[in-house]
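>>> below is the sequence, then the predicted model.
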Amino acid sequence: MILEMKVPSPGESIKEVEIATWLVKDGDYVEKDQAIAEVDSDKATLELPAEASGIITLKAEEGDAVAVGAVVCLIDTSAAKPAGDATAKEDAKPVVAEAPKTEAPKAAPVAEKTYATQAPSPAARKILDERNIQPTDIVGTGKGGRITKDDAVNATPSMGTPTGGTRGSERTKLSMLRRKVAERLVAAKNETAMLTTFNEVNMTPINMIRNEYKDAFKTKHGGLGLGYMSFFTKAVTRALALFPDVNSMIDGDFKTAYDFCDISIAVSGPKGLMVPVVRNAELLSFRGVEAEIKRLAIKSRDGQITVDDMTGGTFTITNGGVFGSMLSTPIINPPQSGILGMHNIIERPIAVNGKVEIHPMMYVALSYDHRIIDGRESVGFLVAVKEALENPLELLMHGDAKKALEL
């Protein structure tokens, strides 16, 4: 029996996928549920499992864009599984030694006339001199390899050859996910009235809490780390409650406001930028936020992230600081209206109560859609985030760090 395997639908809005990689070869025997291909959609990279055991026949090439529901391979379910390992069988074949062949002596190669030895025509010489191009760098197309005027006009000046460096290049097709991300980023720039406001955060209070409790937190919660993301997520959900316009979206002539906080966390994965969503983050504890972020980060790293994991989201947090970014203007993740950018932490002198002190400081940036969020809300939101991060014990932990951290 021949089974036709069709592309399943990764999500309602996805009509087409791209074959990123075949994990099997044409004619291989595959087991049911074995991963046979990786397919890219505009939201995620997914594995395609075999629907039955048998001999597979591929019907699409790597890089092909195929419609959802299209046949990508056939599986002959009546084929018997090969006994043993096919590769081992090949290796076990007796090798018959062949008598060495006596080759006829090759005639001495006739020296070809190289184009470099052919003098350019006078007109070509003039053009080459004006463009500072050496005749030896050009392939002549005239009689006997002579460099013609057209050759000189169309010649491209050599670059970098005096250093002896390589000049190679490689052209590869962008994945469907990368193309979609690019499309959405350009759309965000072109279709929103995006502005960015900045502030800075003194990270000393958070560092003090982490230094005091991170070991106990890790021991109590099965190796889970107490990172900065839980503090920032809690600070953001608090600020969104105070400034609900930042937690809303514009839809034509209407505004959609949400009474929950689904926080998208930008993650750099092997397939590019992923933005999985922490659902109802306003209800999660510090441990809950850290556990969910870790779960999603592992799925992104292992290429197991799904469309459902990245669907929705009412606000985004991105952390360029992990790569060393001091300051940036993050781009809104449409259709959301705001995104918070975290950056690296640098010890800097600041004024504290009239005295100069050195503290670990982080610049933070809020990019927002000015069509729906006014300056008062955007600045107020970022100030609220700053206040919570600089006074986490009172504003995020209600005065009891141990209880908030479930220790």
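Okay, I see it. Numbers count the residues shown, from 1 in each chain.
>>> show me where the stretch 251-400 of the chain has strands.
Per DSSP state E, counting those that start in this stretch, the stretch 251-400 of the chain carries strands over the ranges 254-257, 263-265, 267-269, 272-274, 277-278, 315-319, 338-342, 345-352, 355-369.
>>> of all those, which lies closest to Leu128?
Closest to Leu128 of these is strand 272-274 (CB to CB; 44.7 Å). All C-beta spots, glycine's among them, are computed from the backbone N, C-alpha and C.
>>> just to revisit the earlier point, of the strands of the stretch 251-400 of the chain, which approaches Met176 most closely?
strand 272-274 (10.3 Å).
>>> rewinding a little: could you dump the strands of the stretch 251-400 of the chain to CSV with distance to Val66 and mean neighbour count?
Listed next are the strands of the stretch 251-400 of the chain as CSV, based on distance: least, CB to CB, whole Å; neighbours: other CB atoms under 10 Å:
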stretch, distance to Val66, mean neighbour count
strand 254-257, 34, 11
strand 263-265, 29, 25
strand 267-269, 23, 18
strand 272-274, 20, 19
strand 277-278, 27, 21
strand 315-319, 31, 24
strand 338-342, 33, 25
strand 345-352, 46, 12
strand 355-369, 35, 18
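>>> Arg146: which of those is closest?
Proximity to Arg146 (CB to CB) singles out strand 272-274 among these, at 50.1 Å.
>>> any chance of the strands of the stretch 251-400 of the chain in JSON lines, plus mean pLDDT and distance to His398?
Rendered in JSON lines, the data for the strands of the stretch 251-400 of the chain read as follows (pLDDT from 0 to 100; distance: least, CB to CB, whole Å):
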{"stretch": "strand 254-257", "mean pLDDT": "92", "distance to His398": "26"}
{"stretch": "strand 263-265", "mean pLDDT": "95", "distance to His398": "20"}
{"stretch": "strand 267-269", "mean pLDDT": "75", "distance to His398": "30"}
{"stretch": "strand 272-274", "mean pLDDT": "75", "distance to His398": "33"}
{"stretch": "strand 277-278", "mean pLDDT": "95", "distance to His398": "21"}
{"stretch": "strand 315-319", "mean pLDDT": "96", "distance to His398": "22"}
{"stretch": "strand 338-342", "mean pLDDT": "96", "distance to His398": "23"}
{"stretch": "strand 345-352", "mean pLDDT": "95", "distance to His398": "25"}
{"stretch": "strand 355-369", "mean pLDDT": "96", "distance to His398": "23"}
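>>> out of these, flag the one nearest Asp42.
strand 272-274 (11.4 Å).
>>> can I get the strands of the stretch 251-400 of the chain in TSV with distance to Asn132?
Shown next, in TSV, are the strands of the stretch 251-400 of the chain (distance: least, CB to CB, whole Å):
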stretch	distance to Asn132
strand 254-257	62
strand 263-265	53
strand 267-269	44
strand 272-274	42
strand 277-278	57
strand 315-319	47
strand 338-342	47
strand 345-352	47
strand 355-369	47
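>>> next, the nearest residue to Leu296 once chain neighbours are set aside: phi, psi?
Nearest non-adjacent residue to Leu296, counting by CB to CB, 6 or more residues apart in numbering: Pro276, 3.9 Å away. With angles defined as degrees, to the nearest 10, Pro276 sits at phi -70, psi 160.
>>> from what I see, Pro276 and Ile263 are in contact.
No - applying CB atoms under 8 Å as the test, Pro276 and Ile263 come out as separate, 9.9 Å apart.
>>> need the three-state assignment for Val24.
Three-state assignment for Val24 (DSSP: H, G, I helix; E, B strand; the rest coil): coil.
>>> got it, and the one 3 residues further on?
Reducing the assignment to helix, strand or coil with three-state DSSP, the entry for Gly27 is coil.
>>> now it: how far from Ile56?
Here the criterion is CB to CB, to the nearest Å. By it, Gly27 lies 7 Å from Ile56.
>>> what is the neighbour count of Ser337?
Applying other CB atoms under 10 Å, we find 28 residues neighbouring Ser337.
>>> residue contacts, the closest residue to it other than its chain neighbours?
Sequence neighbours aside, Asp369 is the residue nearest to Ser337 in space, at 4.3 Å (criterion: CB to CB, 6+ apart). Listed by CB atoms under 8 Å, 6 or more residues apart in numbering, the contact partners of Asp369 are Thr192, Ala193, Met194, Ile250, Ile332, Ser337, Gly338.
>>> just Ala83 next, same as before
So Ala83 contacts nothing (CB under 8 Å, 6+ apart).
>>> give me the element it is part of.
For Ala83, there is no enclosing helix or strand under DSSP states H and E.
>>> how about Gly54, phi and psi?
The phi/psi pair for Gly54 (degrees, to the nearest 10) is phi 160, psi -170.
>>> test my guess that it contacts Gly27.
No - the pair Gly54 / Gly27 is not scored as a contact, 11.1 Å apart, by CB under 8 Å.
>>> Ile147: which element?
Using DSSP H and E, Ile147 falls outside every helix and strand.
>>> okay, now it: neighbour count?
By other CB under 10 Å, 24 other residues sit near Ile147.
>>> can you give me phi and psi for it?
Dihedral angles (degrees, to the nearest 10) for Ile147: phi -80, psi 120.
>>> these two touch, right, it and Pro135?
Yes - in terms of CB under 8 Å, Ile147 counts as a neighbour of Pro135; the distance is 5.9 Å.
>>> ok, the nearest residue to Ile305 once chain neighbours are set aside - contacts?
Using CB to CB, 6+ apart and skipping the chain neighbours, the partner closest in space to Ile305 is Lys299 (4.6 Å). Listed by CB under 8 Å, 6+ apart, the contact partners of Lys299 are Pro276, Ile305, Thr306, Asp309.
>>> how about the contacts made by the closest residue to Ile317 other than its chain neighbours?
Spatial nearest neighbour of Ile317, chain neighbours left out: Leu340 (5.0 Å); criterion: CB to CB, 6+ apart. Residues near Leu340 by CB under 8 Å, 6+ apart: Phe232, Val236, Phe315, Thr316, Ile317, Thr318, Pro330, Val364, Ala365, Leu366, Leu382, Val385.
>>> try 7 Å
The contact partners of Leu340, taken as CB atoms under 7 Å, 6 or more residues apart in numbering, are Val236, Ile317, Val364, Leu366, Val385.
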